[in-house]
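Visitor: the following block contains a protein sequence and its predicted model.
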Amino acid sequence: MAQKKLPAKKTPAPKTSRPQPVKAKKGAKKGLSSFTILCLISLGVVLAGLIVYWPSLSNTFTNWDDPGYVTQNYEIRDWSKSGISHLFHSYSMGNYHPLTMLSIAWDYHIAELKPFVYHRDSMILHILASLAVTIFTWLICRNLTLTALCGLLFVIHPMHVESVAWVAGRKDVLFGLFYFLALIAYYYYAVSKKNKSPIYILCLVLFILSLLSKGVAVTLPVSCLLVDYIIKRPLKINLLIEKIPLFILSVIFGIISIKAQQNAAAIQSTDIFPVFDRLFFASYAFLAYIGKLFLPIDLCNFYPYPTQKNGYFPIIWYIYPFMVLALLFIIYRFAGKNRSVLFGFLFYASAIFLLLQLLPVGTAIIADRYSYVAYFGLFFVLGYFYTEVANGNLKWGKSFHGTVPFFVAAWFIWLGMTTRARCEVWKNTETLWRDAIEKQPGLSSAYNNLGFELYNQNRYDEALPLFTKSIELLPTFVLPYVNRGEIYRSEGKSELAMADFNKAISLDPKSADSHLSRAILYCIKQKLDSAGADFALAIQLNPTMAEAYCSRGNYDDMRNQYDSAIADYTKAISLKPDMAAAFENRGEALIKHKSFDAGIADLNTFLQLKPESGEGYMKRSVAYFEMKEYKNALSDANLAQSLGFAVDANYLQGLKGLAK
């Protein structure tokens, strides 16, 4: 008699915390393929990026780092082989990021100083980085819901606005793009069974491109180890050996980055904030970024360090380290074996670690842009919990798993609206610093920077109280004294101006700007010996300051030192090829000494740079008159008059007779 077969024992599904793709039930109607849905998600990411960042396309440049990167950076204007090579052999703004500078140089090559192109390209790079995040997420989790959440959060989160809507933030979107592309390449290397070497080389190349965009990309080897962890590669010694080239690159570029910061004196002395204090700051920053993930409110372009009272910080700062320890314990206790949570949290922690100001760089305790890559880890954790709650897989989430999608959708809409509004804050210098003053009313530099912008617009009445406020908030801050002194000088209040310049120099004897401003005031007061000494010192302190050479040229001309004046104007032009005042002054000096052709050539250049200058046309008219080219002289005199310059009626009438 045949033995009756027992039913096969069902093998329990292996427990795993990694989100799994949902399998269709047998016989169920087949829907869209995963690839099709992934394409639709990617399309949604692109559209979301265009919608939330469209306002940034109408933004202009700001006076915060944009001058050093673009508007006053003459290194990006040389698109020759030697000019491009120079970008790879020099530091810029305290950083070594030649690929970032090359991308900005390309924008200048095709559009010069039209801000639309710079903002457009930053937006495109951010969208591409978001697509790379989307693909990378899909590869490591194979969960379409989690993939969609990560991609959309990355593209619309308001904390990323600073990296996109600020031209000087180009380094973040560029390094982020290559960072995630390198992780995608590494994933394929890790799962491939053959032909692994070409993929590994591609990963190395993409890693180098990320490093050349921003030095903080040195964390990629750790991220690669986390990829090994999330895809469950067996822990063997070869996992570490294969990372050796990556770690070597990280060490090399880490040293280069530190040297670049030291070269720009951006690394603070620990005398300002001791190492012990920085532990509190780092703990705060670690938690602040997590808080702003959920509730990105009161965002600002600058977050200053806390101030001490009676030698102590507010009590909350001493509690932050314990809060971090409590968070680490909670994760260890309740998610110690959950790969998705650990992967995301460790990705965030490793990517943000170098930006927690344990090594004191700059003067801000946190910055929105620092979260650019690090936030992916937190997005991944959020996406994991959303899928678990929405699917009813978590006991504590079953009671409201049906309503979670509505809350998340509302949160996403709010994030998108906040991002669009934040783009408007970065519209121009004035909107940026007015927002900073509203968010950080005790920030001295914000008042000074806004005042400087209004000063350049000749809005002296509005600028003056801002400089005074800046000084009240930080009496040791040099720049507002110089700027306020410039307003006093322009208003003929020479004694007040001199007091401000002297104060600035007493605070910082090595301030070239202070010595230059005082030298100009000495010229006005006819104290030429004192002026000469200050001009010489200003140039000694900053040999690349074109304004100092141009002003000293005027000083030389006052003393009838013709050759010295021409030499100084020429030096100013070599340093700043679009310096209109230098061309104007050199042209006048040349004409004064009967070098008419060369003088008119300089005035021609000046009028190309300042076509609205009626005075410039009048100066050229006089030069033509002396050359007896009366028709040209009359034409320029008429242009000068049409532009509002008061042309002498007798001169104009005489020219009409001579030009017949």
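Guide: All right, it came through fine. Residues are numbered from 1 along each chain as shown.

Visitor: just the residues contacting stretch 596-604, thanks.
Guide: By C-beta atoms under 8 Å, 6 or more residues apart in numbering, the residues outside stretch 596-604 that reach it are 583-584, 586-592, 616, 619-620, 623-624, 626-627. All C-beta atoms are positioned from the backbone trio N, CA, C, and that covers glycine.

Visitor: if you rank the residues you listed by neighbours, which is first?
Guide: Neighbour counts for these, by other C-beta atoms under 10 Å, peak at residue 586, which reaches 29 neighbours.

Visitor: is it true that that residue touches residue 571?
Guide: No. Counting by C-beta atoms under 8 Å, residue 586 stays clear of residue 571, with 10.5 Å between them.

Visitor: just the CA coordinates for the helix or strand where residue 409 lies, please, in PDB.
Guide: Assigned by DSSP states H and E, residue 409 belongs to helix 404-425. Only the C-alpha atoms of helix 404-425 are listed here, as PDB (Å, rounded to 0.1, in the frame of the first residue of the first chain):
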ATOM      1  CA  VAL A 404      -0.900  58.400   6.900                       C
ATOM      2  CA  PRO A 405      -0.900  58.900   3.100                       C
ATOM      3  CA  PHE A 406      -3.100  62.000   3.400                       C
ATOM      4  CA  PHE A 407      -0.800  63.500   6.100                       C
ATOM      5  CA  VAL A 408       2.300  62.800   4.100                       C
ATOM      6  CA  ALA A 409       0.700  64.300   0.900                       C
ATOM      7  CA  ALA A 410      -0.200  67.400   2.900                       C
ATOM      8  CA  TRP A 411       3.400  67.600   4.200                       C
ATOM      9  CA  PHE A 412       4.800  67.200   0.700                       C
ATOM     10  CA  ILE A 413       2.600  70.000  -0.600                       C
ATOM     11  CA  TRP A 414       3.700  72.300   2.300                       C
ATOM     12  CA  LEU A 415       7.400  71.500   1.600                       C
ATOM     13  CA  GLY A 416       7.000  72.400  -2.000                       C
ATOM     14  CA  MET A 417       5.300  75.700  -1.200                       C
ATOM     15  CA  THR A 418       8.000  76.500   1.300                       C
ATOM     16  CA  THR A 419      10.700  75.700  -1.200                       C
ATOM     17  CA  ARG A 420       9.100  78.100  -3.800                       C
ATOM     18  CA  ALA A 421       8.800  80.800  -1.200                       C
ATOM     19  CA  ARG A 422      12.400  80.200  -0.100                       C
ATOM     20  CA  CYS A 423      13.500  80.700  -3.700                       C
ATOM     21  CA  GLU A 424      12.000  84.200  -3.500                       C
ATOM     22  CA  VAL A 425      14.200  85.000  -0.500                       C
END
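
Visitor: for that helix, packing partners?
Guide: When contacts are defined as 3 or more C-beta pairs under 8 Å, 6 or more residues apart in numbering; DSSP states H and E, helix 404-425 packs onto helix 34-53, helix 144-156, helix 161-165, helix 375-390, helix 429-439.

Visitor: buried sites along that helix?
Guide: 404, 412, 415-416, 418-420, 422-425 (16 or more other C-beta atoms under 10 Å).

Visitor: which of those residues has the weakest pLDDT?
Guide: Note: of those, the lowest pLDDT belongs to residue 404, at 84.

Visitor: any idea how far it lies from residue 386?
Guide: Distance of residue 404 to residue 386, computed by C-beta to C-beta, to the nearest Å: 7 Å.

Visitor: find the nearest non-adjacent residue to the spatially most central residue of the chain, please.
Guide: With distances taken as C-alpha atoms, centre = their mean, the chain has residue 169 as the residue nearest its mean C-alpha position (2.6 Å). Using C-beta to C-beta, 6 or more residues apart in numbering and skipping residues adjacent in sequence, the residue nearest residue 169 is residue 163, 4.1 Å away.

Visitor: that neighbour: what's it in contact with?
Guide: If you count contacts by C-beta under 8 Å, 6+ apart, then residue 163 has 122, 126, 169, 172-173, 176, 368-369, 372 around it.

Visitor: next: residue 61.
Guide: Contacts of residue 61 (C-beta under 8 Å, 6+ apart): 67, 70-71, 113, 115, 118, 167, 429.

Visitor: check which helices and strands the helix or strand containing residue 259 sits against.
Guide: Assigned by DSSP H and E, residue 259 belongs to helix 244-263. Counting contacts by 3+ C-beta pairs under 8 Å, 6+ apart, helix 244-263 packs against helix 196-211, helix 220-230.

Visitor: closest one to residue 287 among those?
Guide: helix 220-230 (20.8 Å; C-beta to C-beta).

Visitor: which elements pack onto the closest one?
Guide: Against helix 220-230 (3+ C-beta pairs under 8 Å, 6+ apart) you get helix 115-141, helix 170-191, helix 244-263, helix 339-353.

Visitor: which stretch in those has the least confidence?
Guide: Across the helices and strands packed on helix 220-230, helix 244-263 gives the lowest mean pLDDT, at a mean of 90.

Visitor: show me what counts as buried in that helix.
Guide: For helix 244-263, by 16+ other C-beta under 10 Å, it's 246, 249-250, 253-254, 256-258, 260-261.

Visitor: need the residues you listed in a markdown table with distance to residue 470, can you?
Guide: What follows is the buried residues of helix 244-263, written out as a markdown table (distance: C-beta to C-beta, whole Å):
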| residue | distance to residue 470 |
| --- | --- |
| 246 | 45 |
| 249 | 43 |
| 250 | 40 |
| 253 | 37 |
| 254 | 36 |
| 256 | 35 |
| 257 | 31 |
| 258 | 31 |
| 260 | 29 |
| 261 | 26 |
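
Visitor: nearest to residue 146, of those?
Guide: Of the buried residues of helix 244-263, the one sitting nearest to residue 146 (C-beta to C-beta) turns out to be residue 246, at 26.4 Å.

Visitor: settle this for me: the closest one is touching residue 207, isn't it.
Guide: Yes. Contact criterion C-beta under 8 Å: residue 246 and residue 207 qualify, at 6.4 Å.

Visitor: between the two, what contacts are shared?
Guide: residue 220.

Visitor: compute the first-to-last residue distance for stretch 365-373.
Guide: 18 Å (C-alpha to C-alpha, to the nearest Å).

Visitor: any quick ChimeraX command for the buried ones out of the contacts of residue 61?
Guide: In ChimeraX syntax, the buried subset of these is picked out as below (16+ other C-beta under 10 Å):
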select :70,71,115,118,167,429
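
Visitor: deepest of the helices and strands packed on helix 244-263, which one?
Guide: helix 220-230 (a mean of 21; mean count of other C-beta atoms under 10 Å).

Visitor: outside of that helix, which residues touch it?
Guide: So helix 220-230 is in contact with 18, 140-141, 179, 182-183, 186-187, 190, 207, 210, 235, 239, 243, 246-247, 250, 339-340, 342-343, 346-347, 350-351, going by C-beta under 8 Å, 6+ apart.

Visitor: which among the residues you listed end up buried?
Guide: Among these, those scoring as buried are 18, 140-141, 179, 182-183, 186-187, 190, 207, 210, 243, 246, 250, 339-340, 342-343, 346-347, 350-351 (criterion: 16+ other C-beta under 10 Å).

Visitor: just send the contacts of residue 163 back as TSV, with distance to residue 35 too.
Guide: TSV is the format used below for the contacts of residue 163 (distance: C-beta to C-beta, whole Å):
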residue	distance to residue 35
122	30
126	24
169	33
172	30
173	27
176	25
368	35
369	34
372	28
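
Visitor: of those, closest to residue 435?
Guide: Distances from residue 435 to the contacts of residue 163, taken by C-beta to C-beta, are shortest for residue 368, at 12.5 Å.

Visitor: what sits against that closest one?
Guide: Counted by C-beta under 8 Å, 6+ apart, residue 368 has contacts 159-163, 292, 299, 301.

Visitor: what of residue 515?
Guide: Taking C-beta under 8 Å, 6+ apart, one finds 505, 534-535, 537-538, 541 in contact with residue 515.

Visitor: ok, of the residues you listed, which one's closest to residue 47?
Guide: residue 541 (52.0 Å).
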